[in-house]
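Participant: Provided below for reference: sequence and predicted model.
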Amino acid sequence: MATQTLLRSETLREIEKTHAIDQPPLMERAGNAAAKLALKLQAGLSGPPLILAGPGNNGGDALVAARVLKACGLDPVVVFLGHADKLPIDARMAWERWSTAGNCRSDIPARSYGLVVDGLFGIGLARSLTEPWLSLIARINAYRGPVLAIDCPSGLNADTGTLNPVAVRATHTITFISHKPGLLTLDGPDHCGEVTVADIGLADEVNAQQTAGFINNPALFAASLLPRQRNTHKGTYGSAAIIGGAPTMAGAALLAGRAALMLGAGRVFIGMLERIAVDHGQPELMLKSPAEAMTLATAIGIGPGLAQSDEAANLLRRSIETVLPLVIDADALNLLAAHPVLARQIARRSAATLLTPHPAEAARLLGGSVETVQADRIASALELAQRFHACVVLKGCGSIIATPEGRWFINTTGNAGLATAGSGDVLTGFCVALLAQGWTVKAAALGATWLHGTAADRLVDDGEGSIGIAAGELIAPARRVFNRLCVTSA
């Protein structure tokens, strides 16, 4: 599986400047690519395509597409919502060439349409939309046929996935040069539909970028996907310790432990704050005191059901002081936010550390608000990674994986079924299991997050979600996918 590059708007603008005098022009290439997809989407539909062209370069792309569709025998209805004399040079040229081929309207005629093409605003929108754009986007979103967004659904921030304050809900998006992060995280996936990337001849330029992010996929952790040798034993695959399970929250620690066991840790110890004798649903788990579980481990996960007592804080301190790979989640993250001394100790650890916050936990760690975290999820994850010198998985729609070296990735597996109690505990168990088996912290973060989301996708494929998925149900499909990956990598 090829790794897809993610570029932000600033980098894309620099690439566009570098190729401003290329032939054929980039706008011609983009418009032709959009028209090619539009032809496929329009096939078999009654009513002409409706092309909505905005006041900038995105509108120019749409006008090029309209001209190509016209040349292919269609009769698109083109609504131009701008002033020709204020268009950028390339867009003005596109408008002039369309004007020789067809007519522009300033309003949408009342009739039936096939495909609707959104060419209102592209990746450069930096302001909050007002009327008449809000009403126009509401009208597009009320349409029940296919909607193709050019480069980025209008109103969506292509860097962050935030809305300005609304966006077109497209069934399809064709984006140019490279994929964009905002299409894959926060509100992006709900507005982009099926995304097609057209590199318009600039693939080499994209691959040369040093500030790029990547879409998470197994190619990024393939080196760790090793089939098992027959001459091994349980010690070969490490010992995972899960520290947590305070009274009334034992289930969180047990879920994490079951996940670690099923993803291949040789032994799993649960350091339970609530004293219970056995997990009757998974008797292979060994229930110990937290202190004893730590001494037996080769990797530790702390936080599931931990609570925020003085005992919990002391256990977090002791886990930080170990020289073992450490996953910190849930209440352990809240304890870090409440105890600056512990937070400073994290950054000085010699062993690998992985933090797995949801947005509210990330906000507490950064001393800010959830709104600030979500306004730029990539920046928030990178700040956490650098502040704590740790790998970070910022959970949510399009989870962000960030490293202290400044690398970032977006995970695109998963669905709404992950929005259920205990889902994060299962992810913690997956992470600890991979670390216990000797994976690097970066590979463990990428692999566990991808498997976690893929397990939810498999349940949907089998008709068992996304509504009503229980966190424990993620474990078995993740194991199946993991085994398949390890076998096919041989």
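Facilitator: That came in fine, so what should we check first? Numbering: from 1, shown residues only.
Participant: going forward, measure contacts between C-alpha atoms and count neighbours the same way
Facilitator: Will do.
Participant: got the domain boundaries for the protein?
Facilitator: 5-213, 218-488 (automatic domain parsing).
Participant: and the shortest one, how far apart are its ends?
Facilitator: This means domain 5-213. Across domain 5-213, the terminal residues are separated by 6 Å (Cα to Cα, to the nearest Å).
Participant: what does stretch 367-379 give?
Facilitator: First-to-last distance for stretch 367-379 - Cα to Cα - comes to 14 Å.
Participant: Buried residues, stretch 248-267. List them.
Facilitator: 249-267 (16 or more other Cα atoms under 10 Å).
Participant: Likewise for stretch 307-316?
Facilitator: Ala307, Gln308, Ala312, Ala313, Leu315, Leu316.
Participant: still on that earlier bit, would you reformat the domains of the chain as a markdown table and include mean pLDDT?
Facilitator: Below are the domains of the chain laid out as a markdown table (pLDDT from 0 to 100):
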| stretch | mean pLDDT |
| --- | --- |
| domain 5-213 | 96 |
| domain 218-488 | 97 |
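Participant: quick one, which of those domains is packed in tightest?
Facilitator: Among those, domain 218-488 has the highest mean neighbour count (mean count of other Cα atoms under 10 Å), at a mean of 21.
Participant: Just the endpoints, please. Distance across that domain?
Facilitator: End-to-end distance (Cα to Cα), domain 218-488: 11 Å.
Participant: One more: stretch 408-416?
Facilitator: End-to-end distance of stretch 408-416 (Cα to Cα): 23 Å.
Participant: distance between it and the chain's centre?
Facilitator: Relative to the centre of its chain, stretch 408-416 is centred 3 Å away, using Cα atoms, centre = their mean, to the nearest Å.
Participant: what does that stretch contact?
Facilitator: Outside stretch 408-416, the residues that touch it by Cα atoms under 8 Å, 6 or more residues apart in numbering are 181, 184-185, 212-217, 378, 382, 397-402, 446, 449-457, 466-467.
Participant: Also stretch 314-327?
Facilitator: 290-291, 294, 298-302, 332, 342, 345-346, 349-356, 428, 431-432, 435-436, 441.
Participant: Compute the distance from the centre of that stretch to the centre of its chain.
Facilitator: Stretch 314-327 sits 29 Å away from the centroid of its parent chain (Cα atoms, centre = their mean).
Participant: Kindly report the same for stretch 420-435.
Facilitator: Mean-position distance between stretch 420-435 and its chain equals 17 Å (Cα atoms, centre = their mean).
Participant: next one: stretch 414-423
Facilitator: 14 Å.
Participant: And stretch 70-90, by the same measure?
Facilitator: The answer for stretch 70-90 is 34 Å, by Cα atoms, centre = their mean.
Participant: and what of stretch 201-208?
Facilitator: 22 Å.
Participant: for stretch 216-234, same thing?
Facilitator: 24 Å.
Participant: Can you give me the first-to-last residue distance of it?
Facilitator: End to end - Cα to Cα - stretch 216-234 spans 30 Å.
Participant: Now tell me what touches it from outside.
Facilitator: Taking Cα under 8 Å, 6+ apart as the rule, stretch 216-234 contacts 1-3, 265-267, 409-412, 439, 443-444, 446-447, 450, 485-487, 489-490.
Participant: List the ones among the buried residues of stretch 248-267 that fall in strands.
Facilitator: Arg267 (DSSP state E).
Participant: Enumerate every residue touching the residue with the shortest distance to the centre of the chain.
Facilitator: The centroid of the chain falls nearest to Gly398 when counting by Cα atoms, centre = their mean (2.1 Å). Each residue near Gly398 by Cα under 8 Å, 6+ apart is listed here: Leu184, Thr185, Leu186, Ile410, Asn411, Thr412, Thr413.
Participant: Between those residues, which sits nearest Val195?
Facilitator: Leu184 (9.5 Å; Cα to Cα).
Participant: For this structure, list the residue farthest from the centre, please.
Facilitator: When distances are taken from the C-alpha mean of the chain, Thr100 lies farthest, 43.2 Å away, according to Cα atoms, centre = their mean.
Participant: and the gap between Thr130 and Val166?
Facilitator: 10 Å.
Participant: returning to that earlier point: measure the residue farthest from the centre of the chain to Lys70 for me?
Facilitator: Computed with Cα to Cα, the distance linking Thr100 and Lys70 is 11 Å.
Participant: Good, wrapping up.
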